[in-house]
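# below are the sequence and a predicted model; questions follow.
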Protein chains: 2
Amino acid sequence: MDIRTLCLGILALGDATGYEIKKMVAEGSFSFFSEASYGSIYPALTKLTTEGLIECRQESQSNRPDKKIYSLTEAGRAALEDSLAKDPRPDKNRSEFLASLLFAEAVAPERINSLVQDRITSHKRQIDALKLMRAEEDSPVGQFVLDYGIQVQQAAYDFLIANKGRIVTKL
Amino acid sequence: MDIRTLCLGILALGDATGYEIKKMVAEGSFSFFSEASYGSIYPALTKLTTEGLIECRQESQSNRPDKKIYSLTEAGRAALEDSLAKDPRPDKNRSEFLASLLFAEAVAPERINSLVQDRITSHKRQIDALKLMRAEEDSPVGQFVLDYGIQVQQAAYDFLIANKGRIVTKL
DNA sequence: AATTACATGTAATCCGTTACATGATTGA
DNA sequence: TCAATCATGTAACGGATTACATGTAATT
């Protein structure tokens, strides 16, 4: 998913500023499956505006930069529809954890223990965070996406609890 | 995980050529959680060699470029250990599918049906592929990593089967 | 007193993919 | 006969992060 489609899609769900878009992909329900920084969001928003796919109204604020609230235009909606008509590309699951496990076995087997233990903790944290978001999510599809994430994380967590004995050092 | 550590780690598991490393990350057990192209692998291998972290012996072949078989040096092993001592960064799970679901609801709800159906098919394919690899994997940690992947994919699959009714259009 | 949140934006830099270049062998 | 496999490597290009630049207000 390129940054342009991401912005278009988020704006299809409601008007937003660049700052808010960044917050959504960094902390909100989107954080589970996407990411983006100011350095890519702001330029994308500017370009999409000149292309007429989104438009922006400015809100003056005292002692702060004007708030630029973007909204999707009809052309933008059409462009988004085109993007969504294409088949989504397969997920990318980059995991330093899994790579570390394999490599650690070769060079530092005693490290595997703490790797797995930390991972169990981090899955637990992720599950809790997702459940919190789930409780505050209103849209059925939003809930569905969050539930999908929770199930996946839970499966990983359960697997590690049940199978860590297969690789951790016996005491 | 940067490309350097990836190469170092793979070479820690056994000597390999650039071609073989590429095959591992594109098709082998590594494909589940990493990726890299020739354009990044070959230059990385060259650089690691000049730095003394790996070394290469050349094998002549008739009518083919010499096979360059790389192996980890002591310095390389130490560098890898240093990398692995650091906590692995959180996984990156980029999913166009999940984003498409959310956005499709806003602009083309009738698309959700086929999106989910295709996804179910692709999870099934992934699970089968992982199970094949699992059957051929010898190392316990390798099996563990593959089993982890299978469990996660299976959970996603099961979730979609059980919950698609929540978002697909009723006929 | 210090950090976080708010709010926008640019420039340097890094990193990696895609496409190109070359060419024989094997299997369908 | 056509595609895939084997085998290495470079150059152009694109995309995104990081760091920089600026400044107030609220919270801890």
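Perfect, I can see it now.

# and stretch A:94-110 with DNA strand C, contact?
No: shown here: stretch A:94-110 not in contact with DNA strand C (Cβ under 7 Å from any atom of the strand), separated by at least 10.2 Å. C-beta coordinates here come from the backbone N, C-alpha and C atoms, glycine included.

# identify each buried residue in that stretch, please.
A:94-108 (16 or more other Cβ atoms under 10 Å in any protein chain shown).

# what's the answer for stretch A:112-132, then?
Buried, per 16+ other Cβ under 10 Å, within stretch A:112-132: A:112, A:115, A:116, A:119, A:122, A:123, A:126, A:127, A:129, A:130.

# OK, now which residue of chain A is nearest to DNA strand C?
The minimum distance from chain A to DNA strand C, using Cβ to the nearest atom of the strand, falls at residue A:19 (2.9 Å).

# for stretch A:31-46, C-alpha coordinates in PDB please.
C-alpha atoms of stretch A:31-46 as PDB (Å, rounded to 0.1, in the frame of the first residue of the first chain):
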ATOM      1  CA  SER A  31      -0.700   0.900  13.700                       C
ATOM      2  CA  PHE A  32      -1.200  -2.900  13.600                       C
ATOM      3  CA  PHE A  33      -0.800  -3.100   9.800                       C
ATOM      4  CA  SER A  34       0.700   0.200   8.600                       C
ATOM      5  CA  GLU A  35       3.300   2.900   9.300                       C
ATOM      6  CA  ALA A  36       4.300   6.300   8.000                       C
ATOM      7  CA  SER A  37       6.300   9.300   9.200                       C
ATOM      8  CA  TYR A  38       5.700  13.100   8.800                       C
ATOM      9  CA  GLY A  39       8.400  13.100   6.100                       C
ATOM     10  CA  SER A  40       6.200  11.100   3.900                       C
ATOM     11  CA  ILE A  41       2.700  12.200   5.000                       C
ATOM     12  CA  TYR A  42       3.000  15.900   4.600                       C
ATOM     13  CA  PRO A  43       4.500  15.900   1.100                       C
ATOM     14  CA  ALA A  44       1.900  13.300   0.000                       C
ATOM     15  CA  LEU A  45      -0.900  15.500   1.200                       C
ATOM     16  CA  THR A  46       0.500  18.500  -0.600                       C
END
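
# list of residues touching that stretch?
A:1, A:3-4, A:6-7, A:18, A:21-22, A:24-26, A:54, A:56, A:68, A:70, A:91, A:130, A:145-146, A:149, B:92-95, B:98-99 (Cβ atoms under 8 Å, 6 or more residues apart in numbering or on different chains).

# contact residues of chain A facing DNA strand D?
A:2-3, A:35-40, A:44, A:62-65.

# touching chain B at all, the helix or strand bottoming out on mean pLDDT in chain A?
Scoring the helices and strands of chain A by mean pLDDT, DSSP states H and E places strand A:92-94 at the bottom, with a mean of 92. Yes: Strand A:92-94 comes into contact with chain B (Cβ under 8 Å from any Cβ of the partner chain), by way of A:92, A:93, A:94.

# so how many other residues sit close to the residue of chain A closest to DNA strand C?
Here the count is done by other Cβ atoms under 10 Å in any protein chain shown, and residue A:19 has 14 residues near it.

# for the helix or strand containing it, name the packing helices and strands.
Using DSSP states H and E, residue A:19 falls within helix A:18-26. Packing contacts for helix A:18-26, counted by 3 or more Cβ pairs under 8 Å, 6 or more residues apart in numbering or on different chains; DSSP states H and E, involve helix A:3-12, helix A:38-50.

# can you check the pLDDT for the most centrally placed residue in chain A?
Centroid check for chain A by Cα atoms, centre = their mean gives residue A:31 as the closest residue, at 2.5 Å. pLDDT, residue A:31: 91.

# separation between it and residue A:8?
19 Å (Cβ to Cβ, to the nearest Å).

# thinking again about what came up before, which one among the residues of strand A:92-94 next to chain B gets closest to residue B:158?
residue A:93 (17.7 Å; Cβ to Cβ).

# can you pull the contacts of that closest one?
Residue A:93 neighbours (Cβ under 8 Å, 6+ apart): B:32, B:33, B:91, B:92, B:93.
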